[in-house]
Every structure is written in C-alpha cells, then in structure tokens.
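K.L.:
Build me a model from this:
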Amino acid sequence: MRRFVPLIALLLATGCGQRAEERETRTVSQDLQTFDVAQQAPPAPPPPPLASPSGPNVGPSAAPGVAFNYRYAFRLPGERIAAVQEQHAQACERLGLARCRITGMRYRLVNEQDIEGMLAFKLDPAIARQFGKAGAEAVTRAEGMLVDSEISGVDAGSAIQAANRTDAQLNDDLRRIEAQLARPGLQSEERARLQSEAQQLRTMIRSNRASREEQQESLATTPMVFQYGSGDLVPGFDTRSPMQNALRNAGDRFLDSVAALVLILLTLLPWALLALLVFWIFRKLRRRFHPAAREPGAAE
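P.N.:
Prediction:
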C-alpha cells in the first residue's frame, strides 16, 4: 500500500495541473473572443454637432410673477413657408382658445426668392416653452432652421404689488379728502380745491388699476411670435459665398445693359433707315438737277 502512495499523489498533482491549465486556456480563449468582438464591432458614432438646427434646449427658470415673451426667427425654402405657417396655426387651433390664440398673421411675397411671414400667438404660460420647441422641430423637419430665438421676462409680480400699495394709498387720500368735503361750513374756494384734488385722485386710481390689470394679463397669457424668411431676408442659411453673389449680380447687370441697348437700337433703327433713305433721294435729285455740283473739277 505504501508503494502506491507516491503514484496516487502524482496522479492527483497531474489532474490538478490539467484542470488549472484548462481554466487558464478557457480564460485566454474568452479574452481573445472578447478582443475579436471588440475588433469586429462597428466604430462608435461620432458625437453630435455642437450647433443644433432647432437651437439650444435652454428655457427660462420657473419664476412666479415673471411674464415671459418668446420670439423665434426661422429660415426655410420659400416654397415651404406657407405650409409650415399653416402647420403652426393648426397646432395652436388644436389646443383650443383657452390655451392658444392666434393674434396676428402676415405672408408677403417680395420676389421669386424672398418670402417673409409672421404668426403671433397668446399662449398658456404652462405650455409656452414646449410649443416653441415643437414649432422649431417642425421647421427642422421641413428642411429649415432656427436662426434667432429670444426669451425675455418682465417682473410683473413686483409691479402688481407696487400697484396694490399705490392703490391703497390713493384710496386713503381720497377718503380723507371726501371726509373734509363732508364737513359743514366749508368756504367755496376750499371746497373747489378739495373737489379738484379728489378728481385728480380718482383719475390716478383708474390709471393705476388699468396698469395693474395689464400686468395681470401678462401673467395670464404668454405672447409668442414666429417669423419666417427665405432668400436674402433672413441671414445664416444661404451657402453661397459673397464672391459668387457679386459675380452673379454683375452678370445680371450686364445682361440688363445688353437688353436695354438692344431695345434702344430696335427703337432707333427705323428712323435711321428713313434718314438714310431721305439722304439718298436728296443726293440723287441734286445730281440730276445740278450736274455741275456732281463734277466740280470740270468747271476748272
């Protein structure tokens, strides 16, 4: 039995070495397969461009009491402006009058290449930013681009609070003057002065209330304007160089000059032919009736 102990130990050591070698082989095989897959994998797509045709995805922070105003300018091929303008108008109509109203529209054909248009909206402030973003995406799908965007804000809340304080103060002054007018025994001059001050206070109260209502209206609805342009009306989209534009304009002017010259020649040609005909007849008649004038050297 003791003689078989070294043999058993050798067999066990051999088996362990084979299993370790197999594990190492499998690990290396897996690493190679992974490397091969990585080598055969398609290259990663390039990073997106820094400038997006729809503009930056930046919106104003939520600020209670701030009335925002949105303005967008789009550049499109001229034949697509009317369709995109109608698409934006239909999107507003689907939202309903309570959330979106069209307050202005313009479409103007300047020439064959230059077209401009405008749409003005009054929107629910909660959907204004998303509506503008969706409008820019619709322009991008129509092979256009956003060339200008502006979001401005006015602190209408502070103005409303100031108007409330002013209204309270004016009403206190008016009640004080009305109490003085109610006193018996006022002289006519004093009564006239107090009545004039009371009338001025009432006018100031009405003006202050109108301003406050205007600020409240600006918080209730958000104005937004879409401007459209093609050709040379909106910069930033035409890929032609200034040299190409200059050469094209020079060629157009040359052709216009040639056309004007041909028109002048065609207009004057009949009169020139008539003048030549009259001169020829005159010379014929002169030679017939005055032969000496025909041969002046013979008289000598």
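
K.L.:
Only C-alpha atoms from now on, for both contacts and neighbour counts.
P.N.:
Noted.

K.L.:
residue ranges with poor pLDDT in the protein?
P.N.:
Along the chain, the parts satisfying pLDDT under 70 run over 1-63, 232-249, 290-300.

K.L.:
quick one, strands of it?
P.N.:
Along the chain, the stretches classed as strands by DSSP state E are 66-75, 100-109, 115-123, 145-155, 222-229.

K.L.:
by contact count, what packs against whichever helix in the chain runs longest?
P.N.:
Of all the segments of type helix in the chain, defined by DSSP state H, the longest one is helix 242-289. Using 3 or more C-alpha pairs under 8 Å, 6 or more residues apart in numbering; DSSP states H and E, the elements in contact with helix 242-289 are helix 291-294.

K.L.:
make it 7 Å
P.N.:
Packed against helix 242-289 by the contact rule (3 or more C-alpha pairs under 7 Å, 6 or more residues apart in numbering; DSSP states H and E) you find no helix or strand.

K.L.:
okay, the strands of the chain, which one's buried deepest?
P.N.:
Most buried of those, by mean neighbour count (mean count of other C-alpha atoms under 10 Å): strand 222-229, with a mean of 23.

K.L.:
what pairs with Thr222 across the strands?
P.N.:
Leu123 (DSSP bridges).

K.L.:
what sits against it?
P.N.:
Contact analysis of Thr222 by C-alpha atoms under 7 Å, 6 or more residues apart in numbering lists Ala67, Phe68, Asn69, Lys122, Leu123, Asp124, Pro125, Ala128.

K.L.:
For Gly231, state which of those residues is nearest.
P.N.:
When those are compared for distance to Gly231 (C-alpha to C-alpha), Asn69 wins out at 27.2 Å.

K.L.:
need the contact list for the closest one.
P.N.:
Shown in contact with Asn69 (C-alpha under 7 Å, 6+ apart): Ile151, Ser152, Gly153, Thr222, Pro223, Met224.

K.L.:
so how far is Ala142 from Leu76?
P.N.:
Using C-alpha to C-alpha, to the nearest Å, Leu76 is found at 8 Å from Ala142.

K.L.:
So between those two, which is more surrounded?
P.N.:
Set side by side, Leu76 and Ala142 show more neighbours around Leu76, with 23 against 15, by other C-alpha atoms under 10 Å.

K.L.:
leaving aside the residues next to it on the chain, what's closest to Ile102?
P.N.:
Nearest non-adjacent residue to Ile102, counting by C-alpha to C-alpha, 6 or more residues apart in numbering: Phe121, 4.5 Å away.

K.L.:
correct me, but the one you found touches Arg101?
P.N.:
Yes - counting by C-alpha atoms under 7 Å, Phe121 touches Arg101, with 5.5 Å between them.

K.L.:
if we can go back for a sec, of all the strands of the chain, which one is nearest Arg165?
P.N.:
strand 145-155 (16.2 Å).

K.L.:
Remind me what that closest one packs against, helices and strands.
P.N.:
Contact here means 3+ C-alpha pairs under 7 Å, 6+ apart; on that basis strand 145-155 packs against strand 66-75.

K.L.:
The same query, at a cut-off of 10 Å, please.
P.N.:
Applying 3 or more C-alpha pairs under 10 Å, 6 or more residues apart in numbering; DSSP states H and E, we find strand 145-155 packed against strand 66-75, helix 128-141, helix 188-220, strand 222-229.

K.L.:
who does that strand pair up with?
P.N.:
When sheet partners are counted by DSSP bridges, strand 145-155 sits next to strand 66-75 (antiparallel).

K.L.:
Restricting to C-alpha, output the strand it pairs with in PDB.
P.N.:
Provided in PDB are the C-alpha atoms of strand 66-75 (Å, rounded to 0.1, in the frame of the first residue of the first chain):
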ATOM      1  CA  VAL A  66     -42.400  86.900 -14.200                       C
ATOM      2  CA  ALA A  67     -44.100  87.500 -17.500                       C
ATOM      3  CA  PHE A  68     -42.200  85.900 -20.400                       C
ATOM      4  CA  ASN A  69     -42.100  86.900 -24.100                       C
ATOM      5  CA  TYR A  70     -41.000  84.400 -26.800                       C
ATOM      6  CA  ARG A  71     -39.700  85.300 -30.200                       C
ATOM      7  CA  TYR A  72     -38.400  82.900 -32.900                       C
ATOM      8  CA  ALA A  73     -37.000  83.500 -36.400                       C
ATOM      9  CA  PHE A  74     -36.900  80.700 -38.900                       C
ATOM     10  CA  ARG A  75     -35.200  80.300 -42.300                       C
END
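
K.L.:
Thanks a lot, see you next time.
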